[in-house]
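*Asks:* structure for the following, please:
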Amino acid sequence: MNCKKIFLACVLAVGSAFAVQAQDVFSAGDNQAYLSFGGVKLTNVTGSSNGVMVGYNHSFAFVDDRPAFWRAGVSYRYFFDKSDGQIKSRIVSSLKQTFHEVCVPLSVGYNFQIANNDAFCIAPYAGIDVSCFLSGQIKYDDLDGRIKLSVFDEDDMNLILSETAKRFQLGWHVGTDIMLNQLMFKLSYNRDFTKFYYDEKLSYYSIGLGFVF
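*Replies:* Coordinates of the predicted model:
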């Protein structure tokens, strides 16, 4: 079993294993602000890029003072990779890839109170993501000097015999928030429905900290 499947199993297990009693109110608060770190991977490519994400969510109860909720938010993702790589079937040095993305996650979930303790809650959730890449660049050293290309520019991608990447993505996510008073620990896994380029799709896994208010 690969690391991605193990991580996804952990997200689901944490969200359900300790859920013993439903919380009657949003005792911790309806707003979340968080910082997460993790990895970004293409489906058929070995290895992953490093990533960081900051975000904000607001939760709405389906029924007043009940634990089921839906949530809307916005997040900013930055991920990068630096190594020697292959461009046009030859090895190039100092290959660096950087991406900036804005995502709007929409989720449904449930707050669980643990051991009759209002301060300790677990909230598993799932939903969809709508996202847009602000930029995506490839930089590398060549005989002509330092080359900088945009993965979303058709002319740039023709230079390295590659397909242009797609800015707009639609995907799904699952996750679990573990809240102790106003402190939050966050696990999440995201994967896109749409192809990024060729037959490749993006997936994200992250661990984060935040606060609720």
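*Asks:* okay, and the helix or strand of this protein with the least pLDDT?
*Replies:* Within the chain, no helix or strand scores below strand 21-22, which has a mean of 37 by mean pLDDT, DSSP states H and E.
*Asks:* for whatever helix or strand comes next after that strand, packing partners?
*Replies:* Moving toward the C-terminus from strand 21-22, the next helix or strand (DSSP states H and E) is strand 31-42. Helices and strands touching strand 31-42, as assessed by 3 or more CB pairs under 8 Å, 6 or more residues apart in numbering; DSSP states H and E, comprise strand 49-61, strand 68-87, strand 183-192, strand 202-212. Using the backbone N, CA and C atoms, a C-beta is placed for each residue, glycine as well.
*Asks:* which elements pack onto the shortest one?
*Replies:* To tie it back to what came earlier, the one meant is strand 183-192. helix 3-17, strand 31-42, strand 117-142, strand 168-180, strand 202-212.
*Asks:* among those, which is nearest Phe79?
*Replies:* strand 31-42 (4.4 Å; CB to CB).
*Asks:* neighbouring strands - and their directions - for that closest one?
*Replies:* Partners of strand 31-42 in the sheet, by DSSP bridges, are strand 49-61 (antiparallel), strand 202-212 (antiparallel).
*Asks:* chain center to the shortest one, what's the gap?
*Replies:* Between the mean C-alpha point of strand 202-212 and the mean C-alpha point of its chain there is a distance of 6 Å (CA atoms, centre = their mean, to the nearest Å).
*Asks:* show me what counts as buried in that strand.
*Replies:* Leu202, Ser203, Tyr204, Tyr205, Ser206, Gly208, Gly210, Val212 (16 or more other CB atoms under 10 Å).
*Asks:* now render those as a markdown table, adding pLDDT and distance to Gly38.
*Replies:* Listed next are the buried residues of strand 202-212 as a markdown table, based on pLDDT from 0 to 100; distance: CB to CB, whole Å:
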| residue | pLDDT | distance to Gly38 |
| --- | --- | --- |
| Leu202 | 94 | 12 |
| Ser203 | 95 | 10 |
| Tyr204 | 94 | 6 |
| Tyr205 | 94 | 5 |
| Ser206 | 97 | 3 |
| Gly208 | 97 | 8 |
| Gly210 | 97 | 14 |
| Val212 | 92 | 20 |
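*Asks:* same list (those residues) but as a markdown table, adding distance to Lys186.
*Replies:* Output for the buried residues of strand 202-212, formatted as a markdown table (distance: CB to CB, whole Å):
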| residue | distance to Lys186 |
| --- | --- |
| Leu202 | 19 |
| Ser203 | 17 |
| Tyr204 | 13 |
| Tyr205 | 12 |
| Ser206 | 8 |
| Gly208 | 4 |
| Gly210 | 6 |
| Val212 | 11 |
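*Asks:* from Gly109, how far out is Phe188?
*Replies:* In this structure residue 188 is Ser, not Phe. For Ser188, the distance to Gly109 equals 12 Å [CB to CB, to the nearest Å].
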